[in-house]
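*Asks:* Turn this into a structure:
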Amino acid sequence: MKALHVITGLGTGGAEQQLRLLLRHLPVDCDVVTLTNPGAVADGLLADGVRVVHLGMTGNRDLAALPRLARLIRAGGYDLVHTHLYRACLYGRLAARMAGVRAVVATEHSLGDSQMEGRRLTPGVRALYLAGERLGSATVAVSPTVADRLKRWGVPAPRIEVVPNGIDLDRFRFDPVQRLRTRRRLGLPEGAYVVGGVGRLTPAKRFDVLVRTLSRLPSDCWLLLVGGGPEEHVLRRTAREAGVADRVLLTGERPYVPDGSPGPDLPSLTAAMDVLASPSPEEAFGLAVVEGLASGLPVLYASCPAIEDLPSRDAPGARRVTGGAEEFARALAEVRAGAGPGPGPRTVPEAARHYCVTRSAARLMDVYAATLTHPLSPAPQGVSSA
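*Replies:* Numbering: from 1, shown residues only. Reported below is the predicted structural model:
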């Protein structure tokens, strides 16, 4: 089988890094097209031996990109096209049908109750999404919660398949030597209690809540934020105003899998933490929280379908927190008090094992097989020309 993955961009985001990880475990010959922004994940894919093409799309309404993508798909002789993220799903599905591909899968990574990838869920966004969805064979939801949202939107249930995000458990296995090395490299004081946050620095992630939380915690508490994004300057200003700027560390973007970039990778950084907190109120999966669990960390979260969709016994170290800085400060104090002095042993709960990437890859292969067994009808007249 030969498959093409089409994605909006390849900067260091959750969907982008998930694509790279999956391609390492899929027994399929895969190429990747990025519509825009061939960033750090593109470099990583190239290092993995994956062919990556940058389409050079200039914006949401760059319609000239559509025939270029259709020609590329046709020339590649792909059996299946798999799209990721809103813009790529719209253009990728249509281009695949224009190119004559009759097995078209899309993964919905980021559908929340009120937004998708930072855009408000207006009637226009929904209508365009549903029009594009009908051109595909199946829509993959990364959690049962997202599957339910898709059904409420109007996507027929038989067209929805749930394939959770996956994690590399071996990569996140706790290493005490790595913990010490990373903490020293970051300049953390010996004995510092480190609250971690992982994700894009955007308003939706609400990392400002953690900055304000830090001002309510003892002076030996530090905040380590892993990720880059447009809110970095706002968070630095918030930290100065709260009087905690000297205890807030921002690492910038970090690749999920080491690709030669300087500095510690994400598993090393989670090893340096004592607890992971995720104040984002609306998640499609909650990958950072699951990665924290895989590192053996206690986690506090405002929203995490990956945990909420499982029995509570599978994630005993996870706790939901509703509210703002005061509530997170109280919860963090309780977690620290319950942990005792110094870092204790770390165990991986069943919730993290449930999301092993090999299991997710096997489930995705089942979707591919079903899609190829029941191909779409030929594209309507006029859609198949490019």
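*Asks:* Which strands and helices lie in contact with the helix or strand where Glu291 lies?
*Replies:* Assigned by DSSP states H and E, Glu291 belongs to helix 287-294. Helix 287-294 is packed against helix 14-23, helix 169-172, strand 193-198, helix 266-272, strand 275-278, strand 299-301, helix 305-308, helix 350-354, with contacts defined by 3 or more C-beta pairs under 8 Å, 6 or more residues apart in numbering; DSSP states H and E. Any C-beta I mention is one placed from the backbone N, CA and C, and that applies to glycine too.
*Asks:* Now do it: everything it contacts.
*Replies:* With contact meaning C-beta atoms under 8 Å, 6 or more residues apart in numbering, helix 287-294 is reached by 14, 18, 165, 167, 169, 172-173, 196-199, 266, 270, 273, 276, 278, 299, 301, 304, 306-307, 315, 317-318, 348-349, 351-352, 355.
*Asks:* need the helices and strands packed on helix 287-294 in JSON lines with distance to Val226, can you?
*Replies:* Shown next, in JSON lines, are the helices and strands packed on helix 287-294 (distance: least, C-beta to C-beta, whole Å):
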{"stretch": "helix 14-23", "distance to Val226": "12"}
{"stretch": "helix 169-172", "distance to Val226": "13"}
{"stretch": "strand 193-198", "distance to Val226": "5"}
{"stretch": "helix 266-272", "distance to Val226": "5"}
{"stretch": "strand 275-278", "distance to Val226": "10"}
{"stretch": "strand 299-301", "distance to Val226": "14"}
{"stretch": "helix 305-308", "distance to Val226": "18"}
{"stretch": "helix 350-354", "distance to Val226": "18"}
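*Asks:* From the contacts of helix 287-294, list just the buried residues.
*Replies:* For these, a burial check counting by 16 or more other C-beta atoms under 10 Å picks out 14, 18, 165, 167, 169, 172, 196-199, 266, 270, 273, 276, 278, 299, 301, 304, 306-307, 315, 317-318, 348-349, 351-352, 355.
*Asks:* what about this structure, any weak spots by pLDDT?
*Replies:* By pLDDT under 70, the low-scoring segments of the chain are 254-264, 340-344, 379-386.
*Asks:* What residues of the longest helix along it count as buried?
*Replies:* In the chain, with assignment by DSSP state H, the single longest helix is helix 357-373. Neighbour counts over helix 357-373 (16+ other C-beta under 10 Å) mark Val357, Ser360, Ala361, Leu364, Met365, Val367, Tyr368, Thr371 as buried.
*Asks:* I'd like to know how far Glu16 sits from Asn37.
*Replies:* 9 Å (C-beta to C-beta, to the nearest Å).
*Asks:* quick one: common contacting residues for the two?
*Replies:* Residues touching both Glu16 and Asn37 (C-beta under 8 Å, 6+ apart): Gly9, Leu10.
*Asks:* Compare those two (neighbour count), which wins?
*Replies:* The residue with more neighbours, out of Glu16 and Asn37, is Glu16; 28 against 17, by other C-beta atoms under 10 Å.
*Asks:* pretty sure the more buried one is touching His5, no?
*Replies:* No: the pair Glu16 and His5 does not pass the contact test of C-beta atoms under 8 Å, sitting 10.6 Å apart.
*Asks:* just how off-centre is stretch 37-55 within its chain?
*Replies:* Remark: stretch 37-55 is offset 17 Å from the chain centroid, using C-alpha atoms, centre = their mean, to the nearest Å.
*Asks:* what comes into contact with it?
*Replies:* Stretch 37-55 has contacts (C-beta under 8 Å, 6+ apart) with 8-13, 16-17, 19-20, 23-24, 30-36, 65, 68-69, 72, 253, 255, 257, 259-261.
*Asks:* Pull out the buried residues from those.
*Replies:* If you count burial by 16+ other C-beta under 10 Å, the buried members of these come out as 8-13, 16-17, 19-20, 23, 30-36, 65, 68-69, 72, 253, 255, 257, 259.
*Asks:* Narrow these to those in helices?
*Replies:* Using DSSP H, the members of the buried ones among the contacts of stretch 37-55 that fall within helices are Glu16, Gln17, Leu19, Arg20, Leu23, Ala65, Arg68, Leu69, Leu72.
*Asks:* Taking these together, which two end up most distant?
*Replies:* Gln17 and Arg68 (26.0 Å; C-beta to C-beta).
*Asks:* In space, what's closest to Gly296 - neighbours in sequence excluded?
*Replies:* Spatial nearest neighbour of Gly296, chain neighbours left out: Arg346 (2.5 Å); criterion: C-beta to C-beta, 6 or more residues apart in numbering.
*Asks:* Just to check, that neighbour is in contact with Leu297?
*Replies:* Yes: if you go by C-beta under 8 Å, Arg346 and Leu297 touch, sitting 7.3 Å apart.
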